[in-house]
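Undergrad: my questions concern the predicted model and sequence given below.
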Amino acid sequence: MRKNRKLHGVSLVILMASVLLAISFSLQAGDFTQEDLERWDKEFMTVVMKGDKLFHSALGTNKVSCDQCHPNAANTHPETYPKFQQQIGRVVSLFEMVNWCIQNPLEGDPLPADDPKMAALLSYMTYERRGVPLAPGKH
Amino acid sequence: MNMNRRAFLKTTGAGLITSVFPLSLVKIAFGGQGPAQDFSFGYISDAHIQQIQGNNFVRNWDMGLIRAVREANLLTPRPDFFMFGGDLAQLGKKEELDHGLEIMSSLRGKVRYVIGEHDYYLDLGEYWQSKIGPLWYSFDHKGVHFVTLNSILTYDSWVNKKWPSPMDRMLAMARLDNPQGSPFMVGREQLTWLKTDLEKVNRSTPVVVFSHSPIQKIFKPWNFWTEDAERVQGLLKPFEKATVIYGHVHQIEYNQIGNITFHAVMATAWPWPYPESYSQKASCMPKLTVHMNRADPFFERDATGWQFIDMRKGKVSMHYQLPDNKNRSVVFNSKIGKPQDVNYQGYGSRIPPQTHY
């Protein structure tokens, strides 16, 4: 009886270990599928579309929208950030310039860096600039 | 010295002019050879007066137009007349047009208007016509034949779509990068009128056309474009001297197509990127154009401005008045038959801010 119980215990440990192993194998980075790729792309494009909407709406208090000066997010140059901004006096990331625009021409309140709206705006701006080589620091 | 108020204003005005506008002190004393006499006129465009609510308007755009009017009032000698190049309002509202006209009313001198799409697509020009006048017309001045076109019309099928409201149509056209937009055009009715109007004009008479959209095809996705541009160009072809001056693009832009010289004017509201700054779609920017300096958003009026124009022997010399930036002059060079920037035309004379990417 005792021996049997011991055997049960061992097989339980082996079973648990193999389950854990199976889980860890399925989470390995090299193991994602075509479905994963499609899902991630869809997730990203959903946020790009959300950013497109925000970019074309009044984010501040004066009804002015980003696209009034930046059609298709042109002249926002996400590929050049981070870069030194003379008027701010230091190297800034793009979200800081987005907030500068929200506060000044749009007369609104800045968004936290990790606000989903900020992620959406940056996704849209970067997507409209896809394919352009990175040029950090460029003016 | 006993200085009365008028004398004081005169003196201080002259002081301001010397410091701000060296160009405007150029005495307009031209040869006056041939039928066309030399004269000057001012050009203000694209104010985009935008109502927030009630009497509250976007301060930035108000300030652009107010500044242009104030500066233009200091011009000496006085230009013969002024043109406003369209997009006085942002969303074609009565309040916006009224507020814009109120600011424009302090401009000293005769003002004529070109209609832009932002003035038109709410009520299809109804209020504009009741307050300002016809949407297209011609006039003669000192031997030059001037034509103002309404070049921002579009296909009837788009105008008459089942829009939830006229404001939805206005908003759709107001969005420059709208993929569901519709191309600008002059249209058959106006082309017929233009043909008849120009038939009466001697081929050696200089002709200047004012339009809101470029009467050339530069970039369709942002309507830097007129669908029937070639038809208008065709009607201008027989003339020895033809010039088109247009708004809409909010940037320095000039070109020469055959006998026709093209000049864009600046906006008083905000600048627009050059189409090549949008990396996803090809554009046809005139190679002749030396770009304006890239806008520095930290200076609110940078890359905005207004224009002072000399008509010399029937050709245009465009003097861009650019706050927070060096003024520019683009002048017709009769030796090569093209407009040229006075300071920056050669590749070696361009400066880093003129490289847009």
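TA: Sure, I can see it.

Undergrad: at the contact with chain A, which residues of chain B appear?
TA: By CB under 8 Å from any CB of the partner chain, the residues of chain B that approach chain A are B:48, B:50-52, B:58-60, B:175-177, B:221-222, B:270-273, B:277-280, B:294-298, B:352, B:356-357. Heads up, the C-betas are built off the backbone N, CA and C, glycines and all.

Undergrad: residue ranges of the strands in the stretch 201-350 of chain B, please?
TA: B:207-211, B:242-246, B:254-257, B:260-264, B:306-312, B:315-321, B:328-333, B:338-341 (DSSP state E, counting those that start in this stretch).

Undergrad: turn those strands into TSV, including distance to A:Ala119 and mean neighbour count.
TA: As requested, those are exported to TSV (distance: least, CB to CB, whole Å; neighbours: other CB atoms under 10 Å in any protein chain shown):
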stretch	distance to A:Ala119	mean neighbour count
strand B:207-211	42	26
strand B:242-246	39	26
strand B:254-257	41	19
strand B:260-264	37	25
strand B:306-312	40	24
strand B:315-321	40	23
strand B:328-333	40	20
strand B:338-341	42	20
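
Undergrad: adding mean pLDDT and distance to A:Leu37, write those strands out as TSV.
TA: As requested, those are exported to TSV (pLDDT from 0 to 100; distance: least, CB to CB, whole Å):
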stretch	mean pLDDT	distance to A:Leu37
strand B:207-211	98	49
strand B:242-246	98	47
strand B:254-257	98	46
strand B:260-264	98	45
strand B:306-312	95	53
strand B:315-321	97	50
strand B:328-333	97	50
strand B:338-341	98	50
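
Undergrad: helices and strands of chain A: which one has the lowest mean pLDDT?
TA: Counting by mean pLDDT, DSSP states H and E, the weakest-scoring helix or strand in chain A turns out to be helix A:2-26, with a mean of 63.

Undergrad: poorly predicted segments of chain A, please.
TA: A:1-10, A:12-29 (pLDDT under 70).

Undergrad: nearest spatial neighbour of the residue nearest to the spatial centre of it, skipping sequence neighbours?
TA: The centroid of chain A falls nearest to A:Ala119 when counting by CA atoms, centre = their mean (5.4 Å). Distances taken as CB to CB, 6 or more residues apart in numbering or on different chains place A:Val47 nearest to A:Ala119, at 6.3 Å, with adjacent residues excluded.

Undergrad: now the one you found: which helix or strand?
TA: If you go by DSSP states H and E, A:Val47 is part of helix A:34-55.

Undergrad: give the buried residues for that helix.
TA: A:Val47, A:Val48, A:Lys50, A:Gly51, A:Asp52, A:Leu54, A:Phe55 (16 or more other CB atoms under 10 Å in any protein chain shown).

Undergrad: tell me the residues of chain A that contact chain B?
TA: So far as CB under 8 Å from any CB goes, chain A lies against chain B at A:56, A:61-64, A:67-72, A:74-75, A:77, A:87, A:100-101, A:104-105, A:128-132, A:139.
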